[in-house]
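Asks: need a structure here:
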Amino acid sequence: MKPPSHLRPYAGRWIALVQNRVAGVGLTAEAARTAAQLSRPKEKSQVIFVPNHPPLEFPDFIAEIRQALPVNLPIWLVGGAIRDALLGCRLRDLDFAVEGDALAAARAVAAALQAAFYPLDNERDVGRVLFTREGTRFTLDFARLRGTDLTADLAARDFTLNALAAPLTDLEELLDPLGGEADLRGKVIRACSPHAIADDPVRGVRAIRLAAQLNFRIEKETRTAIRAQAAKLTQTSVERQRDEFIRCLGGPRPGAALRALEMLGLLDKLAPETSPLKGETQSPPHVFDVWEHTLAVITRLEEVLTVLAPRHDVDAASELTLGLVSVQLGRHRQVLAQHLNNLISSDRPARWLLMLAALLHDIGKPGTRSVEPAPRGRIRFFNHDLLGAEMAARRLNRLHFSGDEVKRTQTIVAHHLRPLLLAQEPELTRRAIYRFFRDTGEAGVDIVLLSLADVLATYGDGPPPQDEWARQVEVCAKLLGAYFESPAETILPPPLINGHDLITEFGMEAGPEVGKLLEAIREAQAAGEITDRAAALDYARQHLGKASNQS
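Replies: Numbering: from 1, shown residues only. Here you go, the predicted model:
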């Protein structure tokens with residue numbers, strides 16, 4: 001964005017202003033300040049950086065928005081859209097601050113764009129416009145200025161890098177009263193004011209999300225404020241806690257985000273079930289306690305998803321263990337991407353829920369710990385998967401996730417050991433594959449991916465035993481192959497007979513026994529033991545004959 005015309009000769013350098021006149025110039029802020037002190041020693045200077053940006057890219061529909069609104073309406077593009085434009089990121093969510101009727105502005109824009117309009121907050125005058133263009137979904141939020149003017153509005157925001165604005169009439173004019181651009185260049189997350197976190201403790205979670213997403217650091221005073229206000233997080237909206245938390249898990253570097261949440265005292269408020277995992281020791285081959293193992297699973301899962309992403313990452317696949325995953329499972333890249341991007345509820349995709357399930361997959365271990373008698377003294381966690389699934393469901397319900405999301409996460413946690421156990425069998429049969437997906441459904445795909453990360457994390461930074469890893473990958477490849485490539489044979493074979501056939505042919509009474517027999521027939525069909533209607537009826541006849549003899 002271009003600086004004011006009288007400052008453009010200093011583009012790319014720091015300047016010190018005294019009474020709006022340049023008193024010092026330097027390549028650093030300190031150099032500019034020193035120069036100003038030498039030339040105007042008795043006067044206080046304001047040090048700023050004069051940007052030298054290439055033209056920033058904004059969506060084409062900005063011109064349509066301008067045309068839809070009154071020429072004399074003061075309106076600014078604010079916050080994350082400016083931040084992302086400076087970072088060269090693609091814009092999808094745009095916020096506008098309006099000095100006037102924001103709901104009316106949103107309605108006018110929705111009409112011009114032939115988009116959907118939603119009043120988000122009538123009392124605070126906030127409206128939303130949703131539309132899709134060229135396959136991309138955009139969200140435009142219009143809100144009345146908070147405070148007496150734009151400067152007051154920006155000062156009331158969360159972080160300086162989000163307190164940036166530009167008038168809609170000239171998006172090249174950057175308004176940056178809090179030094180957000182300098183923090184953006186310095187890769188710093190800084191609160192807009194000393195009380196910004198106290199005013200809204202959820203901002204602490206957002207700071208960590210942004211730091212992980214942008215690979216920035218949170219400056220010391222802001223970290224201190226986040227830690228000091230952690231206890232008040234539980235007093236905020238549960239939905240807002242949930243949304244920022246799941247975005248921490250669904251975004252880049254989820255392991256780093258979790259470690260920061262834990263260090264600043266926020267994770268214990270969001271998922272207190274993780275606290276007992278710290279120091280919970282495990283027997284070999286585990287090299288970490290349960291908490292460090294969980295973090296390692298998150299990191300390894302991200303690596304597995306990267307190596308199986310639609311665009312093949314040669315560098316990620318160069319590591320031997322991940323290279324085998326790429327070779328054996330790489331043919332499923334596109335369908336895996338579709339699966340992980342499917343929205344389970346609202347705007348939360350399956351990938352985010354998988355990361356949440358990975359965080360919670362071992363929370364049942366502290367409650368199921370037992371130690372074998374000497375001399376072995378091996379630590380066991382029998383049924384930790386089942387207890388963990390119940391605990392995970394309770395946590396997601398408390399965070400107000402949808403019923404589908406609760407069920408999906410509960411299923412992943414309850415069955416996360418299944419692929420590991422299947423890999424210990426001498427053969428992976430069609431019947432075993434059918435039973436796995438019968439019990440897990442779509443979540444079975446997530447469980448397969450989690451199991452790979454779980455095995456890798458068990459051995460820490462070192463590779464798992466070669467034979468064990470090869471067998472694990474082989475089983476996972478067969479499971480995914482059956483699910484994506486031959487579902488009609490092994491996963492959901494088309495029914496050969498129905499309940500009416502059983503009632504008509506064998507005089508069965510309608511009820512649960514009919515359903516049980518149909519399920520037995522379908523399992524035998526998936527196993528390849530039954531291939532046509534006649535064989536299905538014969539199977540039923542034999543089954544009913546045995547049952548009659550037993551009675």
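
Asks: and the longest helix for the protein?
Replies: Looking across the chain with DSSP state H, the single longest helix is helix 466-485.

Asks: so how far is that one off the chain centroid?
Replies: In terms of Cα atoms, centre = their mean, to the nearest Å, the centre of helix 466-485 is found 26 Å from the chain centre.

Asks: Remind me what that helix packs against, helices and strands.
Replies: Where contact means 3 or more Cβ pairs under 8 Å, 6 or more residues apart in numbering; DSSP states H and E, helix 466-485 is packed against helix 320-329, helix 418-422, helix 430-440, helix 443-458. All C-beta spots, glycine's among them, are computed from the backbone N, C-alpha and C.

Asks: Now do it, average pLDDT.
Replies: Per-residue pLDDT over helix 466-485 has a mean of 97.

Asks: Show residues contacting the helix or strand following it.
Replies: Scanning forward in sequence from helix 466-485 by DSSP states H and E, the next helix or strand is helix 499-506. When contacts are defined by Cβ atoms under 8 Å, 6 or more residues apart in numbering, helix 499-506 is touched by residues 508-510, 514-515, 517-518, 537, 540-541, 544.

Asks: can those residues go into TSV with extra columns for neighbour count, secondary structure and pLDDT?
Replies: Below are the contacts of helix 499-506 laid out as TSV (neighbours: other Cβ atoms under 10 Å; DSSP: H, G, I helix; E, B strand; the rest coil; pLDDT from 0 to 100):
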residue	neighbour count	secondary structure	pLDDT
M508	16	coil	90
E509	8	coil	91
A510	11	coil	91
V514	18	helix	94
G515	12	helix	94
L517	20	helix	95
L518	19	helix	95
L537	18	helix	94
A540	21	helix	94
R541	12	helix	92
L544	17	helix	89
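
Asks: Which single one of those is nearest to R40?
Replies: Closest to R40 out of the contacts of helix 499-506 is G515 (88.4 Å), distances taken as Cβ to Cβ.

Asks: For D243, see how far away the closest residue to the closest one other than its chain neighbours is.
Replies: Closest residue in space to G515, ignoring its immediate chain neighbours: G499 at 7.3 Å, by Cβ to Cβ, 6 or more residues apart in numbering. Taking Cβ to Cβ, to the nearest Å as the measure, G499 falls 44 Å from D243.

Asks: what do you get for P419?
Replies: Counting by Cβ to Cβ, the gap from P419 to D243 is 31 Å.

Asks: sorry, back to before: in terms of packing, which of G499 and D243 has more residues around it?
Replies: D243 (19 against 15; other Cβ atoms under 10 Å).

Asks: what about the helix or strand containing the more buried one, average pLDDT?
Replies: Using DSSP H and E, D243 sits in helix 238-250. When pLDDT is averaged over helix 238-250, the result is 97.

Asks: for stretch 287-294, same thing?
Replies: 98.

Asks: Next one, pLDDT for the nearest residue to I208 once chain neighbours are set aside please.
Replies: Nearest non-adjacent residue to I208, counting by Cβ to Cβ, 6+ apart: A260, 4.6 Å away. The model reports A260 with a pLDDT of 98.

Asks: which residues touch A260?
Replies: By Cβ under 8 Å, 6+ apart, the neighbours of A260 are 208, 211-212, 218.

Asks: How far off centre is the helix or strand encompassing T306?
Replies: Here T306 is covered by helix 290-307, with elements defined by DSSP H and E. Relative to the chain's own centre, helix 290-307 is displaced by 14 Å; criterion: Cα atoms, centre = their mean.

Asks: can I see the domain layout of the protein?
Replies: The record assigns the chain these domain ranges, following automatic domain parsing: 5-49, 62-239, 276-491, 499-550.

Asks: May I see the ones you listed arranged in TSV, with distance to G250 as well?
Replies: What follows is the domains of the chain, written out as TSV (distance: least, Cβ to Cβ, whole Å):
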stretch	distance to G250
domain 5-49	33
domain 62-239	9
domain 276-491	3
domain 499-550	34
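
Asks: right, so of these, which gets closest to L266?
Replies: With Cβ to Cβ, the closest approach to L266 among the domains of the chain belongs to domain 62-239: 5.4 Å.

Asks: Compute the first-to-last residue distance for the closest one.
Replies: Terminal residues of domain 62-239 lie 31 Å apart, using Cα to Cα, to the nearest Å.

Asks: Not counting its neighbours along the chain, what's nearest G250?
Replies: Nearest to G250 is W352, by Cβ to Cβ, 6+ apart, at 3.4 Å.

Asks: ok, the one you found touching C248?
Replies: No: when contacts are counted by Cβ atoms under 8 Å, W352 is not listed as touching C248 (9.7 Å).

Asks: who's in contact with V47?
Replies: 14-17, 29, 32-33, 36.

Asks: Pick out the most distant pair among these.
Replies: L17 and A29 (12.3 Å).

Asks: What segments of the stretch 1-150 of the chain are helices?
Replies: Secondary structure of the stretch 1-150 of the chain, counting by DSSP state H, counting those that start in this stretch: helices at 29-39, 62-68, 80-87, 102-113, 150-155.

Asks: cool, the stretch 151-300 of the chain as well?
Replies: Assigned by DSSP H, counting those that start in this stretch, the stretch 151-300 of the chain shows helices spanning 180-185, 196-199, 202-214, 220-228, 238-250, 254-263, 267-270, 290-307.

Asks: Can you list the neighbours in contact with stretch 422-438?
Replies: 415, 418-419, 444, 468, 471-472, 474-475, 478-479, 482-483, 489-491, 523, 526-528.
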